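Participant: Requesting a structural model of the entry that follows:
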Amino acid sequence: MAEFNFVVPLLTLLLGGLIGNRLALGRDKRKEYNAVVLPIKQKVLAYIDELKQSKHLHFNESEIKTLRAVVSERKYNQVENLYCEFVGLIQKHKHINEAGYAIYSKEANIEISDKLEKIDFALSLK
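Facilitator: Numbers count the residues shown, from 1 in each chain. Okay, here's the model as predicted:
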């Protein structure tokens, strides 16, 4: 009976330590993930807002590549494919006016905005 009094507390201590360690590791990974995803997500949301005013921001592939370290390969490929479609839409709908500025039609802005919203949805925070 005396051995039972020491075994149960020891097992619960070990089990509590293991569970606490797993939770702490998960919290650290979530912070790392959010630290990488949040700046890209904020830029996408700012771009969506700017499109409503027919303005276009610069958004490049190197920002997407930072995701590779923190997301699964499947999620990274999904975001990268959406980004490539976004770039294709930008190139397809870009027209240069007399002043040398790129302009986009209202329909193009809506189509580009829809693609950005898909990117935003794929970049969910944890």
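Participant: Where is the longest helix in the chain?
Facilitator: Secondary structure of the chain per DSSP state H: the longest helix is helix 2-51.
Participant: Which strands or helices does the helix or strand following that helix pack on?
Facilitator: Scanning forward in sequence from helix 2-51 by DSSP states H and E, the next helix or strand is helix 61-65. Where contact means 3 or more CB pairs under 8 Å, 6 or more residues apart in numbering; DSSP states H and E, helix 61-65 is packed against helix 2-51, helix 73-93. C-beta coordinates here come from the backbone N, C-alpha and C atoms, glycine included.
Participant: Worst mean pLDDT among those helices?
Facilitator: Per-stretch averages of pLDDT across those put helix 2-51 at the bottom, with a mean of 77.
Participant: Point out the other elements, helices or strands, that that helix touches.
Facilitator: Checked by 3+ CB pairs under 8 Å, 6+ apart, helix 2-51 has helix 61-65, helix 106-122 packed alongside it.
Participant: Now do it and helix 106-122, the angle between them.
Facilitator: On the basis of axes from the mean of the first three to the mean of the last three CA atoms, to 10 degrees, helix 2-51 is oriented at 170 degrees to helix 106-122.
Participant: All set now, cheers.
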